[in-house]
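# Pasted the sequence and its predicted model underneath.
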Amino acid sequence: MNYIYKWVILAWVSMVLVSCKHDSTTYNVFKYNQNNNINSLDPAFAKSQNNIWPVHHLFDGLVQLDDSLHVVPCIAKSWEVIGDTSYTFHLRRDVFFHDDPCFPSHTGRRLMAQDVVYSLTRLVDPKVHSTGSWIFGDHLSKLPFQAPNDSTFVINLNRAYSPLLSILTMQYCSILPREAVEFYGSEFSRHPVGTGPFKFKRWEDNEALYLVRNSKYFDQISTNLDGIKTSFIPDRKVAYLEVLNGNIDFVSGLESDFVLEWVDSTGRVKDEYKNRIKFYKSPYLNTEYIGINTEASDCSPWLKIKEFRQALNYSIDKREMLGLLRNGIGKPATNGIIPPGLPGYNNVGTAYQFNSSAAKSLLQSINFQENKDSPLILYTNQDYLDICTYVVKQWEKIGITAEINLLETSILRSKMRNGEIALFRASWIADYPDAESFLCMFYSKNPAPPNYTRYKNPEYDELYQSILVNTDEVSRIREYQKMDKILINDAPVIFLFYDETALFTTTDIQGVSNNALNLLEVKNLVKR
């Protein structure tokens, strides 16, 4: 690591943040960093982590997930399912919206079932253009959302939909008041009003978001926090140094230089840092892969051949890759697209364990000739340049030439979405704890996202349609595994690794929640 660079950055950051120190001198403020700016605090646009985390602090849904990813009550204290197509939720009567000028006397009113109808109707309204409008698919009946009384809410489906309860835990399904949306109009995304444990204070573009404790929160929580400050330092190196310097309490994700310096090869904090930082890792419902779109205009003819794609998979020593570049954080993806922690995960490693001999045999079977004159082009962003460099070198060992094309993240996603590139580094994070959240990536009728590879397989499609209506867990798991085996054989992706959460905090922070969705839970955080 460049230590001169380190201390120059530290001096710069200290000057930038000195004006913010007053925020934590009187109040107990939890400070964490997001590398990407928030672009909306409206739950209807809670698509990525930078938006999801603050929305989770500000809003609640009918149901929520515990740390074991079980669906448990939240605003709804109980529910029942009738005939697999009608869900009745019984709401708590002690849930109140945050105090806000959108209400008479600026006092938040009690949440009622009509608010749930409004929130979910707004979510799927085409005029809103919500990034979450897809979540119910075509499973809703003609009168999907009803409120028989103030404390009863009903969802009606036209057929069984097995992931429904899990889907309702998504931040898209947060409950909000009509008054706030109408009062703030287009500015609601910058002035949210919810029922969550924290409420909105102010948002300074490109600098910080400030939230304060909701003293009227309905649930029993053990946090001693008075507020939350989210900073937006884009450089991970800078953010990590700020944790070491005590100016930030928490960061999420990996920065390779710091991981190698702070954490040993067993995934434990090195002795010299134990009195300054804590490190948490746990399974994360995130599968990292290289996608292959054989319909893209720049697709190599070789990529259209299944055996060639299989050879690409066999050639990568994933365990070595994780050890060298991530200090063993993550697990080799040798079991398919479904990651550990979900029903349907196949715990027998069958998806391309490292085998260069098998890779070379497959290439011989298709009479592969060296492709130096027309190398494969692998597209990625800066964060994964080290991983992709390793992969390309592994391919070279079996005679396959490839080059890396580095793109800004937004441009990379745009090209993936538009089907312009054939080979791209990507990841898929579960939106909800169900294997269907991963398998949907390869259903031919789904657009991109999620089907960035444009994969088509009639047998797979038939199984996918079956799992959506199959409410028998045992048989549904068997179908999940059949689908994963089809993907392993067809190889529309190169399986890399199952990610693990990587959370770093100062030693002052206690009560960090490890959950496989990497959702920052603040209800039980304690700052000493």
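Received the coordinates, thanks. All values derive from a computational prediction rather than experimental measurement.
# wait, what's in contact with N149?
Listed by CB atoms under 8 Å, 6 or more residues apart in numbering, the contact set of N149 reads A113. In this view, the C-beta of every residue, glycine as well, is placed from N, C-alpha and C.
# how near is it to V71?
To V71, N149 is 24 Å away according to CB to CB, to the nearest Å.
# Give me the contact list for stretch 416-428.
Contacts of stretch 416-428 (CB under 8 Å, 6+ apart): 286-300, 303, 337, 376-381, 384, 387-388, 402, 412, 415, 438, 441, 448-450, 452, 454, 499.
# Repeat that for stretch 79-88.
For stretch 79-88, the external contacting residues (CB under 8 Å, 6+ apart) are 62-63, 89-90, 141, 152-160, 164-165, 471.
# in the longest strand along the chain, what's buried?
When the chain is parsed with DSSP state E, its longest strand is strand 277-292. Neighbour-count burial for strand 277-292, counted by 16 or more other CB atoms under 10 Å, picks out 277-279, 281, 283-292.
# now stretch 404-418
404, 407, 412-413, 415-416.
# same question, stretch 305-325
305, 307-319, 321-322, 325.
# Domains in the chain, by residue range?
Following automatic domain parsing, one finds the domains of the chain at 3-57+187-282+502-527, 59-180, 283-500.
# and the last one, how far apart are its ends?
I take that to be domain 283-500. 5 Å (CA to CA, to the nearest Å).
# chain center to that domain, what's the gap?
With CA atoms, centre = their mean, to the nearest Å as the basis, domain 283-500 stands 17 Å off its chain's centre.
# go on, the second one?
Centroid separation between domain 59-180 and its chain, computed with CA atoms, centre = their mean, is 21 Å.
# out of everything not next to it in sequence, what's closest to P343?
Nearest non-adjacent residue to P343, counting by CB to CB, 6 or more residues apart in numbering: I477, 5.1 Å away.
# SS state for that neighbour?
Of the three states, I477 takes helix according to DSSP: H, G, I helix; E, B strand; the rest coil.
# That one - how many residues pack around it?
Using other CB atoms under 10 Å, I477 has 19 other residues around it.
# hey, where'd the helices end up in the stretch 51-200 of the chain?
With DSSP state H, counting those that start in this stretch as the criterion, the stretch 51-200 of the chain has helices at 113-124, 164-167, 178-184.
# In TSV: these, plus distance to F200, mean neighbour count and mean pLDDT.
What follows is the helices of the stretch 51-200 of the chain, written out as TSV (distance: least, CB to CB, whole Å; neighbours: other CB atoms under 10 Å; pLDDT from 0 to 100):
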stretch	distance to F200	mean neighbour count	mean pLDDT
helix 113-124	17	20	98
helix 164-167	26	20	96
helix 178-184	10	17	98
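# do you know which of the ones you listed lies nearest A491?
helix 164-167 (28.3 Å; CB to CB).
# how about that closest one as PDB, C-alpha atoms only?
Provided in PDB are the C-alpha atoms of helix 164-167 (Å, rounded to 0.1, in the frame of the first residue of the first chain):
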ATOM      1  CA  LEU A 164     -45.400 -13.600  -2.000                       C
ATOM      2  CA  LEU A 165     -44.600 -13.300   1.700                       C
ATOM      3  CA  SER A 166     -40.900 -13.100   1.000                       C
ATOM      4  CA  ILE A 167     -41.500 -10.400  -1.600                       C
END
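# And the contacts of that helix?
63, 71, 87, 135-136, 139, 155, 157, 173, 431-434.
# give me that answer again for 10 Å
For helix 164-167, contacts defined as CB atoms under 10 Å, 6 or more residues apart in numbering pick out 62-63, 65, 69-71, 79, 81, 84-85, 87, 132, 135-137, 139, 155, 157, 161, 173, 430-434, 436-437.
# Restricted to helices, list the buried residues of stretch 305-325.
The helices, defined by DSSP state H, take in 307-314, 318-319, 321-322, 325 from the buried residues of stretch 305-325.
# hey, what's the most centrally placed residue in the chain bridged with?
Against the mean C-alpha coordinate of the chain, by CA atoms, centre = their mean, the closest residue is I429 at 4.3 Å. Residues in a beta bridge with I429, per DSSP bridges, are N286.
# And the pLDDT for it?
For I429, the pLDDT comes out at 90.
# OK, contacts around it?
Counting by CB under 10 Å, 6+ apart, I429 touches 48-49, 52, 284-288, 339, 437-438, 499, 517-518.
# S215: which of those residues is nearest?
Once CB to CB is applied, the member of these that ends up nearest S215 is I52, at 24.4 Å.
# closest one to N37 among the helices of the stretch 51-200 of the chain?
Comparing these under CB to CB, the one sitting nearest is helix 178-184, at 20.0 Å.
# List the contacts of the closest one.
Residues from elsewhere that reach helix 178-184 (CB under 10 Å, 6+ apart): 42, 44, 97-98, 100-104, 108-109, 114-115, 117-119, 122, 128, 177, 188-194.
# coming back round to it: out of the contacts of I429, who's nearest E462?
E462 has its nearest neighbour among the contacts of I429 in F438, at 17.8 Å by CB to CB.
# okay, now that closest one: neighbour count?
27.
# do K274 as well
13.
# List the single closest residue to N313 in space, sequence neighbours excluded.
Leaving aside its sequence neighbours, N313 sits nearest to Y352 (CB to CB, 6+ apart; 3.8 Å).
# State the distance from that neighbour to A359.
Distance of Y352 to A359, given as CB to CB: 9 Å.
# shared neighbours of the two, which are they?
Common neighbours of Y352 and A359 (CB under 10 Å, 6+ apart) are 310-316.
# Most widely separated two among these?
Q310 and I316 (11.8 Å).
# Pull up the overlap in contacts between these two.
Common neighbours of Q310 and I316 (CB under 10 Å, 6+ apart) are 352, 359, 494.
# now the strand or helix carrying the last one: mean pLDDT?
Same thing as I494. Using DSSP states H and E, I494 sits in strand 493-506. Averaging pLDDT along strand 493-506 gives 94.
# strand partners of the following helix or strand past it, parallel vs antiparallel please.
Per DSSP H and E, strand 493-506 leads on to strand 509-510 as the next helix or strand towards the C-terminus. As defined by DSSP bridges, the strand partners of strand 509-510 come to strand 526-527 (antiparallel).
# For the strand it pairs with, the averaged confidence score.
What strand 526-527 shows for mean pLDDT is 97.
# mind checking how far that strand is from the chain centre?
With CA atoms, centre = their mean as the basis, the mean position of strand 526-527 lies at 25 Å from the chain mean.
# So which residues make contact with it?
Under the contact criterion CB under 10 Å, 6+ apart, strand 526-527 has outside partners 24, 28-31, 222-226, 249-250, 505-506, 508-512.
# What about the nearest residue to P73 once chain neighbours are set aside, how many residues nearby?
Excluding the flanking residues, the one nearest P73 by CB to CB, 6+ apart is V63, at 6.4 Å. Around V63 there are 19 other residues, counting by other CB under 10 Å.
# Surely V63 and A76 touch.
Yes: proximity of V63 to A76 meets the contact threshold set by CB atoms under 10 Å, at 5.9 Å.
# Quickly list what's touching both of the two.
Here V63 and A76 have 89, 168 as joint contacts, going by CB under 10 Å, 6+ apart.
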